[in-house]
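take a look and give me a structure for this.
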Amino acid sequence: GQPGAGGGGRHGAIMRSPSGATAGLLTSALAWACISSAGAQTTTSSPYQQSTVAAPSSNGRLCACQQEGQFVQCFVEIIAECEAAGPYAAALPMCRADWSQGPGVLKADPIVFIEVIKASAVKCRHPYTFTIAEQADFLGATVLGEFKDVFVANKITGARMTEVTLHQLLTVIKVPLGDALDFIEGKNLFLRPTPPVNVGTREGRDVPTVQLTFNVKSVREIDVVKFEFQAVLDIVMHWSDQNIWAECKANGDFIEQGRCQYVWKPKLLFPNARHIEIPTSRQYLWTDHATKTAMYQIEVIGTFAAPMSFRTFPRDQHELPITVAVDDTNGDLTRLALRWEPVSARLDKRIINPDEGKDTISGWSLESASAREHPYLPIDWINLAGMRGPMRTYLNEVAARVNLATNTSNDISMANTVSAVTCEVVVRRTTIFYLLNYIMVVIMLTSLSWITFIMEPSALSDRCNISLTLLLALNVFQLILSELMPKTGYLTPMH
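Here you go, the predicted model:
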């Protein structure tokens, strides 16, 4: 369960209840609103009695949560949203709280309130679009209400609010250090990017997808002794996300500055990489607020491990793999929460059709490239934990809590499995090189040995000298070949 959101045993109260129980919570929400409405005519000063609204607003999309003094109406709309989500409400962080305690949860638990505000930014309006007056009303509805007057005085709109720095708060707006730190922390929590929710899908029901394309620009230094190869490729990712709230067109260091730093970007793992370099200057990020889409491109320069088979050497062909997986650092990007789809790979046209008479790789020819999506388990906790012991007990407890929270019966391996894509570059060895430089030489030396049969039988010394010389030549040639041939436990046509 999420801290402050009801815990593992309680935050499923809405999601796991039958529809009648959920409807009961909505009825309770309306009752809270009615009580508040009646109380507005008395002298009671409770903050929950400032609203006289007794039913969800016309849009019902959490807009009340962005308005000062609308806690009760916000509570009503939250319950309505969670009820509308039905069995998929467990995927909504704001629905994991124990709302049977009434709208007071909004005041008592800041983490729950942050999740509610983040949801309202998607379902209603993002504060980035607010005017000065709307921004002041929004701050009054949050735990940052003390900044309302000073932001109005400095004419700070919603767009400017997202860019305010700690230095500006201290030196320009003259906010006390403690308050400034609280504001920056709250702003970062609110704007922190979360995993995408594809446009036109329902959170919790549909698995978000990210399109991934490999563009292989070069393959070089295929080492059959170390079983590795070097490659340079572009990885282009494209997705739609309901959470995109601003335009971003940046590259290099600017990707982590300004509004661009709040755009979600997938972090990548390269399971079979022995060395990876991703130049900052070759990273690009574009977002389109109108269509809620984003594209992220990086260049990867790396050395990758590759298993190989040499049974048909020197006529062998290999599939050189480059595997990319999601880096699930926070535990919220398992294969059930994010998947690469669709996936594709291609060879750059500059290495498929090089200039006339030029090669792109020594001793090999590049045939094709393909990609496939598959599950990947970064750490196999089941086998590492063994059958018993403290780790096994802990993993069993974690699995039980996760299953209780999500109302599922998945094992711990499923909870750790992420989506991965493997690009396979097919290369074929240039057989003519070995035919002319090795096989033909062996045939020639072997043929010369027949000269001894046409020499005079009495010329024993000369015949022995030729035979021994050819044998020595073949032996030296074999020593040279052994440095170039793969060391296997089976014979190949060249052995």
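
any stretches of the chain with poor pLDDT?
Where the chain drops to pLDDT under 70, the residues are 1-60, 357, 402, 405-415, 493-495.

run the chain-centre distance for the top helix by length along it.
For the chain, the longest helix by residue count, based on DSSP state H, is helix 460-484. A distance of 59 Å separates the centroid of the chain from that of helix 460-484, by CA atoms, centre = their mean, to the nearest Å.

can you pull the contacts of residue 348?
The contact partners of residue 348, by CB atoms under 8 Å, 6 or more residues apart in numbering, come to 215-218. Bear in mind the C-beta positions are built from the backbone N, C-alpha and C, glycine included.

most neighbours of all these, which one?
residue 216 (22 neighbours; other CB atoms under 10 Å).

now the helices for the stretch 301-450 of the chain?
In the stretch 301-450 of the chain, the segments counted as helices under DSSP state H, counting those that start in this stretch are 349-352, 381-385, 390-406, 412-416, 431-434, 440-448.

looking at those, spot the one closest to residue 485.
Set against residue 485 and scored by CB to CB, those come closest in helix 431-434, at 9.5 Å.

and that closest one, what does it pack onto?
Judged by 3 or more CB pairs under 8 Å, 6 or more residues apart in numbering; DSSP states H and E, helix 431-434 is in contact with no other helix or strand.

just the buried positions in it, please.
Across helix 431-434, burial judged by 16 or more other CB atoms under 10 Å covers residue 434.

how much space is there between the nearest residue to residue 251 once chain neighbours are set aside and residue 255?
Nearest non-adjacent residue to residue 251, counting by CB to CB, 6 or more residues apart in numbering: residue 284, 4.5 Å away. From residue 284 over to residue 255 the distance is 8 Å, taken as CB to CB, to the nearest Å.

go on, residue 445?
61 Å.

looking at the two, which is more packed in?
Neighbour totals were compared for residue 445 and residue 255, and residue 255 leads with 19 against 15 (other CB under 10 Å).

my read is that that one contacts residue 286, right?
No - the criterion here is CB atoms under 8 Å, and residue 255 misses it with residue 286 at 10.3 Å.

please work out which of the helices of the stretch 301-450 of the chain is packed deepest.
Most buried of these by mean neighbour count (mean count of other CB atoms under 10 Å) is helix 412-416; its value is a mean of 18.

mind checking the longest strand of the chain?
In the chain, with assignment by DSSP state E, the single longest strand is strand 209-223.

same for that strand, what does it pack against?
By 3+ CB pairs under 8 Å, 6+ apart, strand 209-223 packs against strand 228-240, strand 317-326, strand 339-347, helix 349-352, strand 364-376, strand 418-429.

so which of these is nearest residue 387?
Across the helices and strands packed on strand 209-223, the minimum distance to residue 387, taken as CB to CB, is reached by strand 364-376, at 23.9 Å.

neighbouring strands for that closest one, and are they parallel or not?
When sheet partners are counted by DSSP bridges, strand 364-376 sits next to strand 418-429 (antiparallel).

for the partner strand, buried residues please.
418-425, 427, 429.

please identify which of the residues you listed is nearest to residue 483.
Closest approach between the buried residues of strand 418-429 and residue 483, by CB to CB: residue 429, at 16.5 Å.

turn the helices and strands packed on strand 209-223 into TSV, columns for distance to residue 492.
Shown next, in TSV, are the helices and strands packed on strand 209-223 (distance: least, CB to CB, whole Å):
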stretch	distance to residue 492
strand 228-240	20
strand 317-326	14
strand 339-347	28
helix 349-352	28
strand 364-376	17
strand 418-429	11
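
helices of the stretch 151-300 of the chain, start to end?
Here the stretch 151-300 of the chain has its helices, by DSSP H, counting those that start in this stretch, at 158-161, 166-171, 177-191.

could you say which of these is packed most deeply?
When the helices of the stretch 151-300 of the chain are compared using mean count of other CB under 10 Å, helix 158-161 is most buried, at a mean of 18.

that one: how far from the chain's middle?
Put simply, helix 158-161 sits 28 Å off its chain's centre (CA atoms, centre = their mean).

packing partners for that helix?
Helix 158-161 sits against helix 132-140, with contacts defined as 3+ CB pairs under 8 Å, 6+ apart.

counting contacts, what elements does the helix it packs on pack onto?
Counting contacts by 3+ CB pairs under 8 Å, 6+ apart, helix 132-140 packs against helix 148-153, helix 158-161.

quick one: residue 96 and residue 252, what's the gap?
Using CB to CB, residue 96 is found at 38 Å from residue 252.

more neighbours: which of these two?
A direct count of neighbours by other CB under 10 Å for residue 96 and residue 252 places residue 96 higher, at 27 against 14.

in the sheet, who's paired with residue 372?
Listed by DSSP bridges, the beta-bridge partners for residue 372 are residue 422.

now do the end-to-end distance for stretch 377-391.
End-to-end distance of stretch 377-391: 18 Å, with CA to CA, to the nearest Å as the criterion.

my bad, stretch 314-330
47 Å.

in contact with the most centrally placed residue in the chain, which residues?
Centroid check for the chain by CA atoms, centre = their mean gives residue 266 as the closest residue, at 3.3 Å. By CB under 8 Å, 6+ apart, the residues touching residue 266 are 210, 237, 296, 326-327, 333, 338.

taking those together, which two end up most distant?
Using CB to CB, the contacts of residue 266 span at most 14.9 Å, a distance reached by 296 and 333.

show me the contacts for the closest residue to residue 267 other than its chain neighbours.
Nearest non-adjacent residue to residue 267, counting by CB to CB, 6+ apart: residue 327, 3.8 Å away. Applying CB under 8 Å, 6+ apart to residue 327 gives the contacts 266-269, 333.

give me that answer again for 7 Å
Residues near residue 327 by CB atoms under 7 Å, 6 or more residues apart in numbering: 267-269.
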